[in-house]
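Asker: make a model of this:
(4 chains, ligands or ions: 4)
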Amino acid sequence: MQKIITTIILLAVATPAHAMHISEGILPFNWAALWFAVAVPFVALGVKRLNALAKDDLSFKPLVGLMAAVVFIISCMPVPVPTAGTCSHPCGTGVAAILVGPFVSILITAVALLIQALFLSHGGLTTWGADIVSMGVVGSFAGWFAFRGLRMAGASLGVAGFAAGLMTDWATYFTTSVELASGIRGDAPFWPLFWKILIAFIPTQLPLGILEGAMTAGMVVLLYKKRPDLLVKMRVLKAEEVAA
Amino acid sequence: MRLNTQYGHSHPLTALDPRVKLLSALALLVMVISSRGFAFPLLVAGLSLALCLGMGVPLRVIAVRFAEPHFIAFMVVFLKLFFSGHVPLFSFSLFGLDLIGHRDGLLEGLLIASRIAGAVSAMALLGFATSFTELMAALAWLKVPRGFIEVALFAWRYLFVLFDDAQVIYCTQKNRLGYVGYRRGLRSFGTLAGALIIKAFDSSQSITTAMVQRGYDGTMPLLKHKPFRGAEVALSMTFIFCMGVIWNI
Amino acid sequence: MVDSIKLSIDLDTFKYPDGTAALSNIRLDVATGEFTGILGANGSGKTTLLKIMDGLIKDYAGKVLLDGEDVKKLHPRDIYRKMGLVFQNPDDQLFAHTVFEDVAFGPRNMGFAEDEVKRLVENALANVEMAEYGGKGIHNLSYGQKKRICIAGLLAMGHEVLLLDEPTAGLDPMGEYRMMDLLMRLNREEGVTIVMATHSVDLVPLFLNRLHILSRGRLVRGGTPEEVFTAPAEMENVKLRLPHIAELIHRLKHDDGMPFGRVPLTIGEARRDIVEMMQKRSFE
Amino acid sequence: MVDSIKLSIDLDTFKYPDGTAALSNIRLDVATGEFTGILGANGSGKTTLLKIMDGLIKDYAGKVLLDGEDVKKLHPRDIYRKMGLVFQNPDDQLFAHTVFEDVAFGPRNMGFAEDEVKRLVENALANVEMAEYGGKGIHNLSYGQKKRICIAGLLAMGHEVLLLDEPTAGLDPMGEYRMMDLLMRLNREEGVTIVMATHSVDLVPLFLNRLHILSRGRLVRGGTPEEVFTAPAEMENVKLRLPHIAELIHRLKHDDGMPFGRVPLTIGEARRDIVEMMQKRSFE
Ligand SMILES: Nc1ncnc2c1ncn2[C@@H]1O[C@H](COP(=O)(O)OP(=O)(O)OP(=O)(O)O)[C@@H](O)[C@H]1O
Ligand SMILES: Nc1ncnc2c1ncn2[C@@H]1O[C@H](COP(=O)(O)OP(=O)(O)OP(=O)(O)O)[C@@H](O)[C@H]1O
Ligand SMILES: [Mg+2]
Ligand SMILES: [Mg+2]
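Answerer: Ligands and ions are numbered 1, 2, ... in the order given. Predicted coordinates for the structure are as follows:
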């Protein structure tokens, strides 16, 4: 009983916030530094991959920049979540991962997060590392693996896209909960706090993940119908698959 | 969405070398998130807010910016108050459930909340006083890889264009009743997001052509830094040193 | 007749967030069934004004009434069932896969059955002379073709009020003429109230009832085309000009001393006046 | 004089990947220092032709020579040092944050020192009458203002050949006139070869040396403006029209039987002809 009511109270408090990013200043120095240390090599790999791809195609850097802008805009769009009766925000990383691969997608997320931190106070500079890890690294890989795995198993674009969006979203929130719980627990035990945060996210994040899945699937299918050439160019599909 | 760009075009803080501003801000942030009491973060918050106001940033803009982080701060205090700590402060019962507020939990929560306030204000001040291009040039000076900077510059420029496009598409859809009903709204929203991706592709092609025509060979020219000015550097170092001393007390 | 005012704008000022004062002191009424033009140089504030009318910009000081109701307070749905805006740049507003799909978006959302939708779309496409392009991908159209599809998208919905931002820019001369003709027919035959922003001085007098001249965010003149197009110097002040025909006759009248009466604005009128004058001369 | 040919196009066919046959059988030469116009209805292939000239489209059957060298084989850098293209849609080509940064991009890449860059940019901005907008964000300009910045961006680079896709569409009447005037000065005074695609029949005869009429992907006519603008019926066939002045005089001549000689294309000529005729009448 106590659990349920706790959850309800937490819910009422937690849902209106865009809990996607960890706010500036929440993490103490040690944790902030740790997440930075985790994030940096991934971003560096992203830059390396970017440079490799941009060598043959001058339009690649502008493209990645524009994708970062799109991810930024998508993650600022309020989506009404019926169960919670409020608006929340999709991540948009899943699509990026599908289109440009996980490493460049991490780079894209890092850029989008930096701009949000500087000019919107969503997320922050000290929590940049932590946010890159949850949204970028974990989100991108979860989405990418879901998409590629299902495609290899023969799933349709729509299904694989749905899974990618869903996984990106849920994996991101799971990681955010870990980061938050470990960051603010002080000397309290980790697990109870973690579960409370996770549970607090569930009523918004469960449906939001499904919505993000639907949105990602919709985008991939739209691209397939409208501009299959782009999917071929980004090596999501092979030329034969489109012609067929 | 309203992105707050620069304010206070003639304010001395705006004219300050972006590298100096960035480094000072970083130093402040580190001190804030490793502070032991909540006095220091609050001092930083107060100082930054006063400077923001002095630069002519409207109060309304500041309030909107801080709404979200401060909400999170409140949430953290709430969490810590009721769900961590050992020393009971008060208790009451709600729907037959006893809720206990803890004194140590509250203090810890307030510490985190004060850090949020301090860090967010300092960052906001940096954002208000520096243009994005300048910040990127400063990051490049800090040896952040060129690829990252260029992508960020493209993203920043096209953010506005794509945001406008998104709004126009949204308006045309609304104009044609695309958001009446939840299902239809979601579908329209998916189309909108997809259209944005396509737009990003197409624009990246056409700008590349436009840039190549004008001599682009794969690297964007960056803002060139003027040499450091001794007085500025000395002044900001003194400032940081003083803050460091206060931090230590 | 107060009840015949469709749109009433009473705007003190509007500033963009970057401080540009885009509009100030705009008071204008659009009567039901009128075909109104807003003429002005680049950057004079036409687009801004249309966006305000359509309820897209809200943070202005002043009041805009649609059928007597404050646009700021109306639910978007209620605005958009009555009034539609076509933006200046066609690339921004076509989002569907094919031409047909794009034009069908509105009617479908209005809940029409699919064959009714089909009829409406085909009708609208025929109206902009793009009937045979239904299946083509939007992405593969030329600029002017896209422009036509944007307009078709609104036509298919049958709005009471149409706001058009430079509907003829980018169209070829024949297309320009036909577009204006189409708008005029919509206006006369179906009673659609139309407000259009435009630069095409030459076409305006043939079709419009009323004309407002905007310069640097202020209304500087308004009236019927005959009232507005008078002296070339005044038009030049606001970076516009007279229609070519009017300019020719104006020169003949003032510089060459020919005794024209009123300065005609259209080819037909000018022709009549010149022929008349020749005949007079021959009799003299 | 063979060596005075700057651009020579000899194109059999070009099809877009979706099967649209956009151009066929185009043969045209642009002489060094010429100011050439390509006039055609929407979708007639103007943009496609300019893109082919600029080496942006390569999969055509035929040959395009720039100074005698095959554009398909030239390195892009060598093309773009000589020749620049301004697109139809300004949003496709402005990539910097501020007006100044955008216009400075070309000169900076050409390796000029910063104060020379500044001079070139200011000059170019003054030429398109946007001198005071240097610090403004690109994103905050009106459509016509963006169009001007696009053109300034190329002007600052001082190309030998300029390809312009509807440079005056979206400009206000005064801006249109000034833009054409600026292009004419560049052409006459600095010997820049200019090819522009356009719909503005009224301005063309005042400024251009040569005119090619494109209809459904084919060249149907070419010559000086006087040679091209003859009968209204032929122009209507290709969805164009005569300039308004020419139309007026043509009607007076053919329908009202007035004995005009050649049909004048500009206001000045028409005025002279009408005055002459009046005087003759008075003497008869
Ligand atoms: N988003 C914006 N932010 C700041 N200033 C803007 C913005 N949009 C337009 N402006 C400025 O406001 C003024 C009016 O712009 P508007 O787009 O209404 O002009 P317009 O009459 O439609 O011009 P055009 O004929 O070129 O389309 C211009 O000076 C323009 O630079
Ligand atoms: N990418 C494309 N794929 C397929 N067809 C295309 C593509 N771009 C243009 N077309 C078609 O080719 C023809 C010529 O187009 P183009 O853009 O050259 O016309 P235009 O003369 O520039 O017209 P406008 O005056 O409207 O700009 C049109 O019928 C158009 O539909
Ligand atoms: Mg406009
Ligand atoms: Mg074109």
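
Asker: stretch A:102-117 - what's its average pLDDT?
Answerer: Stretch A:102-117 carries an average pLDDT of 91.

Asker: quick check, that stretch touching chain D?
Answerer: No: contact between stretch A:102-117 and chain D is absent, the nearest approach being 13.1 Å (criterion: C-beta under 8 Å from any C-beta of the partner chain). (C-beta placed from N, C-alpha, C; glycine too.)

Asker: what's around the residue nearest to residue A:239 when sequence neighbours are not counted, how many residues?
Answerer: Ranked by C-beta to C-beta, 6 or more residues apart in numbering or on different chains and with sequence neighbours excluded, the top spatial neighbour of residue A:239 is residue A:232, at 5.3 Å. As a burial measure, residue A:232 scores 16 neighbours (other C-beta atoms under 10 Å in any protein chain shown).

Asker: what's the helix or strand for residue A:232?
Answerer: helix A:228-233 (DSSP states H and E).

Asker: list the helices and strands the helix of greatest length in chain A packs on?
Answerer: Assignment by DSSP state H gives helix A:190-226 as the longest helix of chain A. Here helix A:190-226 is seen to pack against helix A:2-14, strand A:79-81, strand A:86-88, helix A:93-100, helix A:157-184, helix A:228-233, helix B:59-83, helix B:182-213 when contacts are counted using 3 or more C-beta pairs under 8 Å, 6 or more residues apart in numbering or on different chains; DSSP states H and E.

Asker: name the SS class of the residue nearest to residue C:174 when sequence neighbours are not counted, please.
Answerer: Of all residues not flanking residue C:174 in the chain, residue D:239 sits nearest, at 4.1 Å (C-beta to C-beta, 6+ apart). Here residue D:239 is recorded as coil under DSSP: H, G, I helix; E, B strand; the rest coil.

Asker: restricting to C-alpha, output the helix holding residue A:232 in PDB.
Answerer: Extracted in PDB, the C-alpha atoms of helix A:228-233 (Å, rounded to 0.1, in the frame of the first residue of the first chain):
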ATOM      1  CA  PRO A 228      13.700   5.300 -50.900                       C
ATOM      2  CA  ASP A 229      16.800   6.700 -52.600                       C
ATOM      3  CA  LEU A 230      17.800   8.300 -49.300                       C
ATOM      4  CA  LEU A 231      17.500   5.000 -47.400                       C
ATOM      5  CA  VAL A 232      19.700   3.500 -50.100                       C
ATOM      6  CA  LYS A 233      22.200   6.300 -49.800                       C
END
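
Asker: now the helices for chain B?
Answerer: All helices of chain B, identified by DSSP H, fall at B:12-15, B:18-33, B:39-54, B:59-83, B:103-129, B:132-141, B:146-175, B:182-213, B:230-248.

Asker: which one of these lies closest to ligand 3?
Answerer: Ligand 3 sits nearest to helix B:146-175 of all the helices of chain B, at 12.7 Å, using C-beta to the ion.

Asker: and the angle for that closest one with helix B:182-213?
Answerer: Calculated by axes from the mean of the first three to the mean of the last three C-alpha atoms, to 10 degrees, helix B:146-175 forms an angle of 140 degrees with helix B:182-213.

Asker: helix B:146-175 vs ligand 3: in contact?
Answerer: No: judged by C-beta under 5 Å from the ion, helix B:146-175 and ligand 3 are separated, with a smallest distance of 12.7 Å.

Asker: for that helix, what is the average pLDDT?
Answerer: What helix B:146-175 shows for mean pLDDT is 83.

Asker: in that helix, what's buried?
Answerer: B:147-163, B:165-166, B:168-175 (16 or more other C-beta atoms under 10 Å in any protein chain shown).

Asker: likewise for stretch C:89-101?
Answerer: For stretch C:89-101, the neighbour count (16+ other C-beta under 10 Å) marks C:89-101 as buried.

Asker: what about chain B: which of those touch it?
Answerer: Contacts with chain B within these, as defined by C-beta under 8 Å from any C-beta: C:92, C:93, C:95, C:96.

Asker: picking up where we left off before, can you give me the angle the longest helix of chain A makes with helix A:93-100?
Answerer: 50 degrees.

Asker: can you check what angle separates helix A:190-226 from helix B:59-83?
Answerer: Using the same axes, to 10 degrees, helix A:190-226 lies at 130 degrees relative to helix B:59-83.

Asker: so helix A:190-226, near ligand 2 or not?
Answerer: No: Helix A:190-226 stays clear of ligand 2 (C-beta under 6 Å from any ligand atom), getting no nearer than 13.2 Å.
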